[in-house]
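Q: All I have is the shape, not the residue letters:
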C-alpha cells in the first residue's frame, strides 16, 4: 500500500473512531436522564469510584503535599520567603495538582477496570444478553459509570486538597519550622473560592473523560481475552493523554475567572 | 395464501436475507420459515453464518437486504424502541450461557422479571411484579431445570451444564413466545448434552405455544429434539425438512454433514 493511501486510511479510521466515541457518549450519557432511573447501580458505582479510591488518593495527596513543601522551601529559603510555602503549595494543589493527579490515579484504577469489565461482558455475550432482554446496555452499564465518575472525582479532588495541605503543613511547620500562623494566613491570601471550584470542575471533566473512554473501549472490544487486554491498556493511555491535554484548555478557559 | 390457521402461520420468517461483513458474504439470500409451536434446528458447519442468522432474528444485526419477520413485525424496519418491544417476547439461551457474573444464580434468573416483570391484577390493570412473586417464579423455574436450592451460588462456581440450565431458566422466566438457543450443548459431556436436549424437548412439549429456534452442529442432538431441520451452507439454506427427510436425503453436502465424513464433496 502506498504511503498516501495508508495515511488516508488511518485518518478515516481515526475520524470513524472519534465519531463512534462521540455518538456513544451522547447516547450513554443522555440515557442516564431517562427512566428507568438506575439509582442502585449509580450508588454502587459511586462506591466503587469514590469510596474505594480513597486510600490511593489520600496516599498520593499526602506525599504530593509533602514533596512540594520541600521543593518550595528550596526555592523560597533563598530569599527568606519560607512563609509563602503554604500559600503556593495550596494554590498549586487546588488549581492543578489535585485534579490532575487524582484523575490520573483514579484512571489507573477505575478507567482500566471499566474497560476490562465491559470488555469481558462484551466478549462473553453478556452485553448481547442485556439487549436480548430488552434492556438498553448503554443505560444499564455506561450511564451509571460516567455519572458516578463525574460526581465522585470532584469529591476525591477535595480529599486530595485537604490531605495534600496536611502533608504540606507537616513538612513546613513541623519539620522546616515555618511559623504556623503565617502558614495558614498565606493560604487564605493566595487561594480563593474560584480556585477550588475551578479545580472541582476540572476533576468532573476528567471523571467524564476517564469513565467514558474506559466504557467505550470496553463496550467496543473485539476478539476474546487479547481484545480485552488491548481495550484496557488503550483506555488508560488514551484517557491519560486526554486528561493532560484537556487540562491545558480547561486552564485557559478557567484562568480569566480567577485573574479577574 | 395459505390457510389462516394460527399454528400454520410462520412464527419467524426470514425472506432472502443477505448480510456481508466487508468482503465476506455471510448470508447470501437465506429464506427460512420457523413455524409456530415447533422446534426448528438450524445446522451447518462452523462459519456458515448460523450465529449471524440468530443475531438477525434477535434484531442485534440488521440485514443488508431482505426481511426478518417475527410474528407480524418486520425487524429490519423497526426503530430501537419498537425493537425493544419485540424483544420482550424473546427468550435467548446463549452459547456460553452469558450469565451476569456480577450476580448469583437467583439474581440472574430474576433479572428479566425485576426489569420488566408485570402481572395483571383482578381489576385488569398491569402492575410490576413484587419481590415475593418474583421469588416464587424463580424458584419454580430453578426447580424445573433441576437446580433447586442453587440460587445463592455465584455463577463462576457452576459447571458448564449448570450454567446452561440457569441460562434456560433465565430465558423462560418471562414466558417467552420465541425461544432461541445458540449452540446449547457445545462443550458439554454426552450425558449432560442428552439432559439439556431432554430439557429443550420437554420445555417445548410443556409450552406448545413457544416457537423454538436452535442453532447447532451436533447431529445426534438435532435428531433428538428437532421437528424441522434447516441446513445452512455457504450462506444459503441447502435443505429444509423433517428429521426423516434429512436422514434419507441423497444430497451429498447434507449426507456428508449428517454422517460427519471428512472426505469431499464439500470444499471448506
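A: In hand now; what should we look at? Just so it is clear, the model here is predicted, and its values are computed rather than measured. Numbers count the residues shown, from 1 in each chain, chains lettered A, B, ... in the order given.

Q: all contacts plus neighbour counts: C-alpha atoms, from now on.
A: Fine.

Q: what's the closest non-adjacent residue to residue B:263?
A: residue B:256 (8.0 Å; Cα to Cα, 6 or more residues apart in numbering or on different chains).

Q: what's the burial count for that neighbour?
A: Using other Cα atoms under 10 Å in any protein chain shown, residue B:256 has 16 other residues around it.

Q: Check residue B:261 too.
A: Neighbours of residue B:261 (other Cα under 10 Å): 11.

Q: so it sits in a helix?
A: No: counting by DSSP: H, G, I helix; E, B strand; the rest coil, residue B:261 falls outside a helix, being coil.

Q: Return the backbone torsion pair for it.
A: phi -90, psi 150 (degrees, to the nearest 10).

Q: ditto for residue B:215
A: Per degrees, to the nearest 10, the backbone of residue B:215 is at phi -100, psi 130.

Q: quick one: stretch B:183-196 near chain A?
A: No: Stretch B:183-196 does not reach chain A (Cα under 8 Å from any Cα of the partner chain); its nearest approach is 13.3 Å.

Q: Which residues does that stretch contact?
A: B:93-96, B:160-161, B:164-165, B:197, B:214-217, B:221 (Cα atoms under 8 Å, 6 or more residues apart in numbering or on different chains).

Q: Try it again at 7 Å.
A: Under the criterion Cα atoms under 7 Å, 6 or more residues apart in numbering or on different chains, residues B:93, B:95, B:160, B:161, B:215, B:216 lie in contact with stretch B:183-196.

Q: Quick check: of those, which lies closest to residue B:44?
A: residue B:216 (7.4 Å; Cα to Cα).

Q: picking up where we left off before, so which strand or helix has the residue nearest to residue B:263?
A: For residue B:256, the element it lies in under DSSP states H and E is helix B:252-259.

Q: In three-state terms, label residue B:68 for me.
A: strand.

Q: Could you report the separation of residue B:22 from residue A:18?
A: Distance check for residue B:22 against residue A:18: by Cα to Cα, to the nearest Å, it reads 21 Å.

Q: Neighbour count for those two, which is higher?
A: Taking other Cα under 10 Å, residue B:22 and residue A:18 do not tie; residue A:18 has more neighbours (12 against 7).

Q: So which bits of whatever helix or strand the more buried one lives in are buried?
A: In this structure, residue A:18 sits in helix A:3-31 according to DSSP H and E. Within helix A:3-31, the residues scored as buried using 16 or more other Cα atoms under 10 Å in any protein chain shown are A:21, A:24, A:25, A:28, A:29, A:31.

Q: Take those and write them to TSV, including pLDDT.
A: Shown next, in TSV, are the buried residues of helix A:3-31 (pLDDT from 0 to 100):
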residue	pLDDT
A:21	95
A:24	95
A:25	94
A:28	92
A:29	92
A:31	91
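
Q: Can you tell me which of these is closest to chain B?
A: residue A:31 (12.9 Å; Cα to the nearest Cα).

Q: what are the ranges of the helices in the chain?
A: Using chain A here. Using DSSP state H, the helices found in chain A span residues A:3-31, A:39-49, A:54-76, A:85-92, A:98-106, A:112-123, A:126-132, A:137, A:143-169, A:180-190, A:193-219, A:224-259.

Q: could you do chain B instead?
A: B:50-58, B:80-87, B:105-116, B:131-144, B:160-172, B:190-206, B:219-225, B:243-247, B:252-259.

Q: what about chain B, any weak spots by pLDDT?
A: Applying pLDDT under 70 to chain B picks out residues B:1-10, B:264-268.

Q: Flag every residue of it that's near chain A.
A: Residues of chain B that fall close to chain A, judged by Cα under 7 Å from any Cα of the partner chain: B:58, B:84, B:87, B:88, B:92, B:98, B:99, B:100, B:112.

Q: Just want to check the distance between the residue of chain B positioned farthest from its centre and chain A.
A: The C-alpha centroid of chain B is most remote from residue B:123, which lies 34.8 Å away (Cα atoms, centre = their mean). The gap separating residue B:123 from chain A is 25 Å, by Cα to the nearest Cα, to the nearest Å.

Q: Need the residue closest to the centroid of chain B.
A: residue B:180 (1.3 Å).

Q: Let me see the contact set for that one.
A: B:91, B:92, B:93, B:212, B:213, B:214.

Q: okay but the fifth one is in contact with residue B:38, surely?
A: By that I understand residue B:213. No: applying Cα atoms under 7 Å, one finds residue B:213 not in contact with residue B:38, separated by 8.4 Å.

Q: Taking the stretch 151-260 of chain A, what residue is nearest to chain B?
A: For the stretch 151-260 of chain A, Cα to the nearest Cα, closest residue to chain B: residue A:224, 13.2 Å.

Q: Tally up the residues packed near that residue, please.
A: Neighbours of residue A:224 (other Cα under 10 Å): 13.

Q: That one and residue A:123 touch, don't they?
A: Yes: counting by Cα under 7 Å, residue A:224 does reach residue A:123; the two are 5.7 Å apart.

Q: Contacts only, for the closest residue to chain A within the stretch 101-250 of chain B.
A: Nearest to chain A, among the residues of the stretch 101-250 of chain B, is residue B:112, at 6.5 Å (Cα to the nearest Cα). Residues near residue B:112 by Cα under 7 Å, 6+ apart: residue A:133.

Q: how close does it get to residue B:91?
A: Distance from residue B:112 to residue B:91, by Cα to Cα: 10 Å.

Q: go on, residue B:260?
A: For residue B:260, the distance to residue B:91 - Cα to Cα - is 31 Å.

Q: Of the two, which one has the most company?
A: Using other Cα under 10 Å, the more surrounded residue of residue B:260 and residue B:91 is residue B:91, with 29 against 11.

Q: Now do the contacts for that one.
A: Per Cα under 7 Å, 6+ apart, neighbours of residue B:91: B:171, B:172, B:176, B:178, B:179, B:180.

Q: Which positions within the helix holding residue B:256 qualify as buried?
A: Buried residues in helix B:252-259 (16+ other Cα under 10 Å): B:253, B:254, B:255, B:256, B:257, B:258.

Q: and which of these is nearest residue A:105?
A: Looking across those and measuring by Cα to Cα, the closest to residue A:105 is residue B:257, at 55.4 Å.

Q: Contact partners for the closest one?
A: Residue B:257 touches nothing, counting by Cα under 7 Å, 6+ apart.

Q: ok, it to residue B:47 distance?
A: Relative to residue B:47, and taking Cα to Cα, residue B:257 is found at 14 Å.

Q: Residue B:163 now?
A: From residue B:163 to residue B:47 the distance is 25 Å (Cα to Cα).

Q: higher neighbour count, those two?
A: Ranked by neighbour count (other Cα under 10 Å), residue B:163 and residue B:47 place residue B:163 first, with 19 against 14.

Q: Determine the number of other residues adjacent to the residue lying closest to the more buried one once chain neighbours are set aside.
A: Sequence neighbours aside, residue B:97 is the residue nearest to residue B:163 in space, at 5.9 Å (criterion: Cα to Cα, 6+ apart). Residues near residue B:97, counting by other Cα under 10 Å, number 27.

Q: Now the phi/psi pair for residue B:97, please.
A: Per degrees, to the nearest 10, the backbone of residue B:97 is at phi 80, psi -30.

Q: That one contacts residue B:168, correct?
A: No: using Cα under 7 Å, residue B:97 makes no contact with residue B:168, being 8.1 Å away.

Q: Quick check: residues of the stretch 101-250 of chain A near chain B?
A: Counting by Cα under 7 Å from any Cα, the stretch 101-250 of chain A sits next to chain B at A:124, A:125, A:126, A:129, A:132, A:133, A:134.

Q: let's go with 10 Å and repeat that
A: A:117, A:121-136 (Cα under 10 Å from any Cα of the partner chain).

Q: So how do I select the buried members of these in ChimeraX?
A: Here is the ChimeraX command that picks out the buried ones among these, judged by 16+ other Cα under 10 Å:
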select /A:117,121,122,123,124,125,126,127,128,129,130,131,132,133,134,135,136
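
Q: Great, nothing more from me.
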